[in-house]
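Asker: A structural model of the following input is requested.
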Amino acid sequence: MNAECRVSSMSEPRIREAGDSALLVELDAVINPETNARAIAIAAALQAEGLAGVRDVVPTFRSVALHFDPLVIGPGALQAAIGRALDAPPQLRHGRSIEVPTFYGGENGPDLADVATWAGLTPEAVAERHASVTYRVYMLGFLPGFAYLASVDERIAAPRHAAPRLRVRAGSVGIAGRQTGIYPRESPGGWQIIGRTRLRAFDPARVSPALFQPGDAVRFVPLSSNADVRSDEGTGGDAAQASAAQAGDRATRSVTVLRPGLFTTIQDEGRWGHQASGVSVSGALDRVSHRRANAAVGNAVDAATLEVTLLGPELRFDHGAHVAIAGADLQASIDGSSVRPGEATSCRTGSVLRFGGRRSGARAYVAFAGGVDAAPVLGSRATHAGAGLGGLEGRALKAGDRLPLGTATGQGAPRGIDAPWAATAGGARLRVLPGPQDDFFAESAFQILERTRFIVTPQSNRMGYRLSGATLPRLDEREMISDAAFVGGIQVAASGEPILLMADRQTTGGYPQIATVVTADLAVAGQLAPGDWVEFERCSRAEALDALAAQEAMLRAVR
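Answerer: Numbering: from 1, shown residues only. Model (predicted):
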């Protein structure tokens, strides 16, 4: 592959809406270096514009996703910027050349022998063919720092496992058809594991956390010794853990976790600007309730709160503090006295906050004056447990954790407010805009989407809600090239079952998204629990923006 390539003639890009806060610029539906290089160049040109309101620019195999604040910048200004980006210089340079020292086979490559049998080769020949190719990094997704590399020698392009492993070790080198890649951290995965490397594909403690970037050229270098790779399994968690410990040591006020509850995490407004490296935004699922709780104790909107899921924790105040709770009604009490939703309560040293049974909603937000002072990771304290990022060591709280509190600086809201999303009565109706991949579906699929009362299944989590009730048929059996995934996107698996993507969703996905929930209704979706019902209705973009503007005005009124 040459050091630079000239873009071949392509069809006109298509600009698609992904809800009211994202656009998708689609190039030709192919996987090749020229199309990918053009996507990378367009993304770079858009980032260089530095437009106010643009939150993230994400290149994929053959598209560019733009995430933006629709109350700051509109599609018109963005489409003008896209037009300028499409006129970027035609010569597009490749990125860096990176060598990956790799141990093939043995404990490091448990599937090497099976791939060899599939290919009719020896394991040594498979390793040799895998290491003889210079791979291009087409995009990052799936996990933070996970690079999609292509193209694998067709002779050894074994398909994924029929059922994924529950545990693939960090550093594992896998094959999935013509793609290869390195697992940045331990996770489930269905790729054929043929080797392992000590290189960290992702480390949030580095200046550039992701080792690979789109456009880089990668070669795997076989190592002669096949000793088991026992390098650190983490992805920078040690640095985050040390920073969190230092924050706890210097804290003048703190809260101790006596019981953690079902799933309690530290959340804020999320970490924007890193989706191109495969890092999800995360943050509070119900940002409205998160902001209401912060406003009540005088915090900034992005101060870290606790997101309490269904079954609440038991917390002891090691020092006096003001606290407010908003969102789900989980019967919060302090020293036996009920806590009024959305209002600040003064707690003395030794007071204990407890929760009872669920009355309504699924997630309550606990704000302390000064916020939870966990160490920021990539600019945010939000916990993404699946990626091991943020919060306390990238995990849910556990008994014995000590939460450092920041210095209280603001004046709390004078009163609490009621909001319909604070008390979902077993379900919700969500507004959607078609797309971005609605061309994969007939109108009948939209009719099914709007006429069905779906149920949130127990297999749901912060990544996405799996929905039962009906299947949504596609127009044909064509496979979609993996593309950007959007919060609120209704992704339709090959089975036809819809999945509502939430804050911790992967940044890319291989299933089309028939529609996207509007921004104003994401808070409502954040209060759904397994067993709740959900219905969808199409609305116009103008209606979506009016609803978001009204929501923001309400939040400003209590700040």
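Asker: just checking, Y138 touches Y148?
Answerer: Yes. Look at Y138 against Y148 with Cβ atoms under 8 Å: they come within range, at 4.9 Å. In this view, the C-beta of every residue, glycine as well, is placed from N, C-alpha and C.
Asker: who has more neighbours out of these two?
Answerer: Ranked by neighbour count (other Cβ atoms under 10 Å), Y138 and Y148 place Y138 first, with 29 against 25.
Asker: hang on, the more buried one in a strand?
Answerer: Yes. The assignment for Y138 (DSSP: H, G, I helix; E, B strand; the rest coil) places it in a strand.
Asker: and the pLDDT for it?
Answerer: Predicted confidence (pLDDT) at Y138: the value is 95.
Asker: what of T252?
Answerer: 77.
Asker: dump the residue contacts of the closest residue to it other than its chain neighbours.
Answerer: Nearest residue to T252, sequence neighbours excluded (Cβ to Cβ, 6 or more residues apart in numbering): H319, at 7.3 Å. Counting by Cβ atoms under 8 Å, 6 or more residues apart in numbering, H319 touches 252-254, 349, 405.
Asker: got those residues as CSV, with neighbour count, distance to S280 and secondary structure columns?
Answerer: Supplementary listing: the contacts of H319 in CSV, determined by neighbours: other Cβ atoms under 10 Å; distance: Cβ to Cβ, whole Å; DSSP: H, G, I helix; E, B strand; the rest coil:
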residue, neighbour count, distance to S280, secondary structure
T252, 11, 33, coil
R253, 20, 30, strand
S254, 20, 28, strand
T349, 11, 37, coil
L405, 22, 26, strand
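Asker: between the residues you listed, which sits nearest F212?
Answerer: L405 (37.9 Å; Cβ to Cβ).
Asker: coming back round to it: between Y138 and Y148, which contacts overlap?
Answerer: Among the neighbours of Y138, those also in contact with Y148 (Cβ under 8 Å, 6+ apart) are F61.
Asker: pLDDT value on the residue nearest to T252, please?
Answerer: With respect to pLDDT, H319 scores 94.
Asker: try R354
Answerer: At R354, the pLDDT value in this model is 97.
Asker: what number of residues lie near it?
Answerer: The number of residues near R354, taken as other Cβ under 10 Å, comes to 18.
Asker: that one bridge partners, please.
Answerer: Beta-bridge partners recorded for R354 (DSSP bridges): S333.
Asker: OK, contacts around it?
Answerer: When contacts are counted by Cβ under 8 Å, 6+ apart, R354 is found next to 312, 314, 332-334.
Asker: which of these are buried?
Answerer: Buried residues within the contacts of R354, defined by neighbour count using 16 or more other Cβ atoms under 10 Å: 312, 332, 334.
Asker: bridge partners for A321, pull those for me.
Answerer: What pairs with A321, by the bridge criterion (DSSP bridges), is C347.
Asker: measure it to R340 for me?
Answerer: Between A321 and R340 the distance, using Cβ to Cβ, to the nearest Å, works out to 17 Å.
Asker: quick one on the thing from earlier: reformat the buried ones among the contacts of R354 as TSV; add distance to E12 and pLDDT.
Answerer: As requested, these are arranged in TSV below (distance: Cβ to Cβ, whole Å; pLDDT from 0 to 100):
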residue	distance to E12	pLDDT
G312	53	96
A332	55	97
I334	61	97
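Asker: would you list those residues in a markdown table and tack on distance to W191?
Answerer: Putting those into a markdown table (distance: Cβ to Cβ, whole Å) gives the following:
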| residue | distance to W191 |
| --- | --- |
| G312 | 38 |
| A332 | 44 |
| I334 | 49 |
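Asker: now flag whichever of those is closest to R395.
Answerer: Set against R395, the nearest of these by Cβ to Cβ is G312 (17.6 Å).
Asker: give the contact list for the closest one.
Answerer: The contact partners of G312, by Cβ under 8 Å, 6+ apart, come to 261, 264, 330, 332, 354-356, 364.
Asker: how about the nearest residue to the spatially most central residue of the chain, chain neighbours excluded?
Answerer: Closest to where the C-alpha atoms of the chain average out (Cα atoms, centre = their mean) is S280, at 2.5 Å. Across the structure, with Cβ to Cβ, 6+ apart as the measure, the residue nearest S280 apart from its sequence neighbours is D504 (5.3 Å).
Asker: contacts only, for the one you found.
Answerer: D504 makes contact with 280, 282, 384-387, 461-463 under the criterion Cβ under 8 Å, 6+ apart.
Asker: give me the buried subset of the residues you listed.
Answerer: Of the members of the contacts of D504, the ones counted as buried by neighbours, 16+ other Cβ under 10 Å, are 280, 282, 384-387, 462-463.
Asker: present these as a markdown table; the columns should include secondary structure, distance to A170 and pLDDT.
Answerer: As requested, those are arranged in a markdown table below (DSSP: H, G, I helix; E, B strand; the rest coil; distance: Cβ to Cβ, whole Å; pLDDT from 0 to 100):
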| residue | secondary structure | distance to A170 | pLDDT |
| --- | --- | --- | --- |
| S280 | coil | 18 | 96 |
| S282 | coil | 20 | 97 |
| H384 | strand | 16 | 97 |
| A385 | coil | 16 | 94 |
| G386 | coil | 14 | 90 |
| A387 | coil | 12 | 92 |
| R462 | coil | 22 | 96 |
| M463 | coil | 19 | 95 |
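Asker: fine, thanks again, bye for now.
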